[in-house]
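In: One predicted model, sequence on top.
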Amino acid sequence: MDRKEQIQKIRAFNRFYTDLIGLLDNQLLHSDYSLAEARIFYEIVMGKSISASDIIAKLNIDKGYLSRILKKFEKQGLLCKEPSKSDARIAYLSLTAAGLQVFKGLDRASDEQIRHLVDRLDEQKVIELVGHMKSIFTILSPSEV
């Protein structure tokens, strides 16, 4: 198989997987939030003392796009900003109780989506699937590229 064919196989898999879990839907997991917004919720919850600049670097997301999402979250009462004590230009992001509830709902829905996907498989197939995913992750992780 030549490189062009390899690329086409990878792209076919990407299309299959994004369709399978609905990543291109405007609202992720039948929620009011997009994939980008859900990922930003995740980064805020998982990050300790995370700033908008940290999210931009981690997700390689456009600064203006992130700013619009953060303003939306603030307007909805989902996000708090706390100025850094050492640098007034930096604000640390955290979710309010309402924001945390939204995140938990998205997280549960995501778990259920994957559970539904793998429940039809026997245990050996799930172990095989996870192993292949680990291999893909290892091969494509920045330290290997």
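Out: It's in.
In: what about the strands in the chain?
Out: Using DSSP state E, the strands of the chain run over residues 50-51, 79-83, 91-95.
In: Let's have those in a markdown table, adding mean neighbour count and mean pLDDT.
Out: No exception for glycine: its C-beta is placed from N, CA and C like everyone else's. Formatted as a markdown table, the strands of the chain follow (neighbours: other CB atoms under 10 Å; pLDDT from 0 to 100):
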| stretch | mean neighbour count | mean pLDDT |
| --- | --- | --- |
| strand 50-51 | 17 | 97 |
| strand 79-83 | 14 | 95 |
| strand 91-95 | 18 | 97 |
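In: Mind checking these for the one nearest to residue 133?
Out: Comparison of those against residue 133 by CB to CB identifies strand 50-51 as nearest, at 26.0 Å.
In: Could you list the paired strands of that closest one along with their orientation?
Out: strand 91-95 (antiparallel) (DSSP bridges).
In: Which pLDDT does the model give residue 32?
Out: Here, the pLDDT recorded for residue 32 equals 93.
In: Perfect, I'm done here.
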